[in-house]
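>>> Take a look and give me a structure for this.
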Amino acid sequence: MKALIPVELIEKKILLIRCEKVMLDADLAELYGVETKMLVRAVKRNTDCFPPDFMIQLNKEEFESLKFHFGTSSQWGGRRYLPYAFTEQGVAMLSSVLRSKRAVQVNVEIMRTFVKLRRMLASHAQLSRKLNVLEKKYDAQFKAVFDAIRELMKPPEPKRRQIGFHREKKRG
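A predicted model of the protein is given here:
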């Protein structure tokens, strides 16, 4: 069965804010196929469904940091209020508040993505624990092997080009 929305697209929209995995109101509105103001209006009509662990409103510094991190975007331009960020539980609650078939279908895809990310993080943590146990069990001759494995577990660092004019080295 083909997914309504590609998992990769949803993964890109999950952010880490205040040590929580969240999705922004504008990104969710885009996925649900509604305007952001309509999504926020539906949430405000049902505030009792969104306690603080389901939804937070970003402060000015967090919002500025996001804009700086992602570059200025027309998606966020002209907002009159700071964006809301929804935790996994808040996203689940949105489908009942929006009351549309698409909202339910999109929520299923989002929930699957959250579960997938949780499994990936758990397996990484589990591998790290096993490596620690093995490292304690064996002597120093294997330290280089364990260090190499830890290096392979690190996410790759993005390659950055140097800015400015560079002279070519003379060959010969």
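>>> contacts and neighbour counts: CA atoms only from here.
OK.
>>> unless I'm mixing things up, residue 110 is touching residue 8, no?
No: because the distance of 10.6 Å does not satisfy Cα atoms under 8 Å, residue 110 is recorded as not touching residue 8.
>>> Comparing those two, which shows the higher neighbour count?
Shown here are residue 110 and residue 8; by other Cα atoms under 10 Å, residue 110 has more neighbours (26 against 9).
>>> That one: what's it in contact with?
For residue 110, the contacting residues are 7, 10, by Cα atoms under 8 Å, 6 or more residues apart in numbering.
>>> which element is it on?
Applying DSSP states H and E as the criterion places residue 110 in helix 101-137.
>>> how distant is that helix from the center of its chain?
Put simply, helix 101-137 sits 13 Å off its chain's centre (Cα atoms, centre = their mean, to the nearest Å).
>>> Buried residues of that helix, list them for me.
Applying a neighbour-count criterion of 16 or more other Cα atoms under 10 Å, the buried positions in helix 101-137 are 103-104, 106-107, 109-111, 113-114, 135.
>>> Can you lay out these as a markdown table showing distance to residue 79?
Converted to a markdown table, the buried residues of helix 101-137 look like this (distance: Cα to Cα, whole Å):
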| residue | distance to residue 79 |
| --- | --- |
| 103 | 23 |
| 104 | 27 |
| 106 | 25 |
| 107 | 25 |
| 109 | 28 |
| 110 | 25 |
| 111 | 28 |
| 113 | 28 |
| 114 | 28 |
| 135 | 52 |
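>>> farthest-separated two in those?
By the measure Cα to Cα, 103 and 135 form the most distant pair in the buried residues of helix 101-137, at 47.9 Å.
>>> pLDDT on stretch 66-82, on average?
Confidence over stretch 66-82, taken as the mean pLDDT, stands at 67.
>>> Cool, thanks, talk later.
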